[in-house]
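Colleague: Sequence and predicted structure, then a few things I'm wondering about:
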Amino acid sequence: MKKEDKLGDLSMQLSVEVLNMCKELKNQGETVISNQISRSATSICANIAESKYAHGRADFIAKLQISLKEAAETGKWLEMLYKTESISEEQYKQLNKVCSTIRILLIKSITTAKENLK
């Protein structure tokens, strides 16, 4: 499986899991962080999808860099949800692991793409 496919699959998985988590959080009355994390998590997936149809290497890198920023933001929201006891430690660890894996793959992809520019 190509990195891009793995990245696409993992980002879709994270988006779906975060959106499902946000439904539960909103049912419990938590809307501030759930609104933020739903935007950042789905943005990761959307920008990775857009990168596949980039207008060249620089546009490709830019889309992946946006995804990386959104992944860092998503990780921070997850941490806040855990520290405010809005989600369980198990749920935090599972979602954070997926988010961290996405960040690692994005960093590798960005580095490779930049090296290929030379």
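Modeller: Arrived safely.
Colleague: Buried ones in the longest helix seen in the chain, by neighbour count?
Modeller: If each helix of the chain is counted by residues according to DSSP state H, the longest one is helix 89-117. Residues 91-92, 95, 98-99, 102-103, 105-106, 109-110, 113 are the ones in helix 89-117 that count as buried (16 or more other Cβ atoms under 10 Å). In short, each C-beta sits where N, CA and C put it, glycine included.
Colleague: Taking these together, which two end up most distant?
Modeller: Gln91 and Ala113 (32.8 Å; Cβ to Cβ).
Colleague: can you tell me which of the buried residues of helix 89-117 lies nearest to Gln13?
Modeller: Closest to Gln13, out of all of those and judged by Cβ to Cβ, is Val98, at 6.2 Å.
Colleague: Chain neighbours aside, what residue packs nearest to the closest one?
Modeller: The shortest distance from Val98 to any non-neighbouring residue, by Cβ to Cβ, 6 or more residues apart in numbering, is to Leu14 (4.9 Å).
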